[in-house]
Structures are given as C-alpha cells and as structure tokens.
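need the 3D shape of this:
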Amino acid sequence: MSDIVVKVESLSKLYRLGVIGSTTLRHDLQSMWARFQGKEDPNAPISQSLRDIPQNADQTFWALKDLNFTLRQGEITGIIGRNGAGKSTLLKIISRITSPTEGYIKLRGRVASLLEVGTGFHSELTGRENVFLNGVILGMTRVEIRKRYDDIVAFSEIERFIDTPIKRYSSGMQVRLAFSVAAHLDADILIIDEVLSVGDDAFQHKCMRKIQEIATSGKTVIFVTHSKESILKLCKRAIWLENGRIKMDSTPKIVIPSYLKVFSSKAKKKKSSKKK
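Residues are numbered from 1 along each chain as shown. This is a model prediction of the structure:
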C-alpha cells in the first residue's frame, strides 16, 4: 500500500480582485465592508487598493499556478516564501476551506488545521465546548474526544479558563487551545500556519517537540513559518513558493541557503539603487 497521503496535481488558484467568493465567508464580509467604506480590501492578494487599479487592467490574480508534489506518511514538510507567495492559499485548499480553480488534491485520512487565531472556534462557546465541537468536525465520537480531553487541556495550560467563553481569551490563549486540539485529536494530516508565532517562546518550544512526536507516530505535518531555524530543526523537506509556483523542493539545508541568498542579493540591490 502506498504511503502517499497528500497528492497535488496541476493545482492552480485564480482570484478575481474585488469579487465575493474568493476566500471564507468572514473574509468576504470584511472585503464588502471595506469597499463600502471606500477603503483598501484587507484580504486583497496584493497590497494595492482596488481604486488604484486602472479599469482596463487585468482583474485576475493567480495565487497558485501549476503545483505538483506529494507528501508521505510521517513526513514533516516546511513551506517557505515571501508574503503573497501563495502559502496560505495552498493550506486553505488542502484544508478544504477553499477550492482550486484548476487541478486537484487527493488526501488520505483526516485533516486537522491551525491556520489563524480563532479558526474553527465558536466565540460564544466555552473552551470545553469548542474542544468537543472541533472533535465532531474531524469526525470523532464524543467517546473518542473524552479519552483525549484531559491531555488536550493539560497541554494548553489554560485549565482555569476552560469553561470561559472563547471570546474572552487572549490571542495567545486561543492559540494554545487550538494547537492542543489539533495536535491531540485523531488526525492523519496536521496543517500549521504561522499562527504559532503568537504564543510565547516556552509554548512554541513545547509545540515544536509535540510536532516531532506527531511525525514519529506516523502522522504527516505541513508547517508554514518564516522561522528558518524551525524548518532546519524540524523538517526533512522544504518547499519554496514564489509567485504561486514551486521555486525549489529539496532538503532544508539546500533550500534555506538558496532562499536567503536570493533575498539578501535583492536587499543589496535596493540599497545600491537608493544611494544612486
């Protein structure tokens, strides 16, 4: 039996600037309200106000273009790239939050995602209720969730506030509980975006150890971060995205130096041009 758990083939994602339906409902409402106020769309894929785009300009943007790769069981893969490179879009498609424009993804097993603070939580429910809600979303029974409940709460270190509504949690507390739920529930694929940077250093180190433990148990981890040290320490593979395409796919020891070299040379060129 194949050990491939994620298969991405000819994957592309096209956004139409200013059109509803490009991301999640919450983001769509944010975009609508921004346009109503005449402000810049906070969810636009490029840092440019819609009113500054010429009317005859191309109103489409390829966030991802023709991606092909596979991920194997027990593999920790780090995904790097500048802001706007397509990292978050890729994770949302793998998580089934949004759909691709072209191509497809095949997944084998349950997927648990930690993409941004508060994702998957209901703000009016308590921490305890959200643990069970997330478990049900993953397809687990209440009996299965109860078996893992004590470990989830202990790892999050927020026992005192577990019966407090999530809306009263700080962003750090939400991340603690969200990671604990994602890491302890019975998922085969764990997806983690830059959200861990919200937590304190001690909890980040604790999460890194847990990620290694998860991979050792045969789970697959997809890890997006701007921390090159974390990728070098945790991952055996790194995928570099640039302008929605795969720039490089190899070991972190090969990818990270190449990535840093490119952007250090660009920074030097900018400095020299300013002096002139």
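
now the end-to-end length of stretch 82-101.
22 Å (C-alpha to C-alpha, to the nearest Å).

mind listing residues that contact that stretch?
Stretch 82-101 is contacted from outside by 6, 8, 11-14, 22-24, 45-47, 63-64, 67, 79-81, 105, 107, 111, 113, 115, 189, 191, 193, 222, 224, 241-245, 263, using C-beta atoms under 8 Å, 6 or more residues apart in numbering. Where C-beta positions appear, they are placed from N, C-alpha and C, glycine not excepted.

can you flag which of those belong to helices?
Among these, the ones falling in helices (DSSP state H) are residue 263.

look up phi and psi at residue 209.
Phi and psi for residue 209, reported as degrees, to the nearest 10, are phi -60, psi -40.

got a pLDDT number for it?
For residue 209, the pLDDT comes out at 89.

secondary structure element for the closest residue in space to residue 254 that isn't next to it in sequence?
With sequence-adjacent residues excluded and distances taken as C-beta to C-beta, 6 or more residues apart in numbering, residue 254 is closest to residue 248, at 7.5 Å. Here residue 248 sits within strand 245-250, counting by DSSP states H and E.

so what secondary structure elements neighbour that strand?
Contacts defined by 3 or more C-beta pairs under 8 Å, 6 or more residues apart in numbering; DSSP states H and E place strand 245-250 against strand 60-72, strand 237-242, helix 252-275.

winner for burial among these?
Sort the helices and strands packed on strand 245-250 by mean neighbour count, taking mean count of other C-beta atoms under 10 Å, and strand 237-242 sits at the top with a mean of 21.

returning to that earlier point: how about a markdown table for the helices and strands packed on strand 245-250, with distance to residue 200 and mean pLDDT added?
Shown next, in a markdown table, are the helices and strands packed on strand 245-250 (distance: least, C-beta to C-beta, whole Å; pLDDT from 0 to 100):
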| stretch | distance to residue 200 | mean pLDDT |
| --- | --- | --- |
| strand 60-72 | 30 | 93 |
| strand 237-242 | 26 | 95 |
| helix 252-275 | 25 | 76 |
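
quick one: low-confidence parts of the protein?
Scanning the chain for pLDDT under 70 picks out 1, 17-58, 116-119, 198-199, 265-276.

nearest residue to the middle of it?
Closest to where the C-alpha atoms of the chain average out (C-alpha atoms, centre = their mean) is residue 193, at 3.0 Å.

what's near enough to touch that residue?
Going by C-beta under 8 Å, 6+ apart, residue 193 touches 87-88, 91, 114-116, 224.

closest to residue 153 out of those?
Of all the contacts of residue 193, residue 114 has the smallest distance to residue 153: 16.9 Å, by C-beta to C-beta.

go ahead and confirm the closest one touches residue 189.
No: contact criterion C-beta atoms under 8 Å: residue 114 and residue 189 do not qualify, at 11.8 Å.

quick one on the thing from earlier: can you turn the buried part of the contacts of stretch 82-101 into a PyMOL selection?
A single PyMOL command is used to select the members of the contacts of stretch 82-101 judged buried by 16 or more other C-beta atoms under 10 Å:
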select buried, resi 6+8+11+12+13+22+23+45+63+64+67+79+80+81+105+107+111+113+115+189+191+193+222+224+241+242+244+245
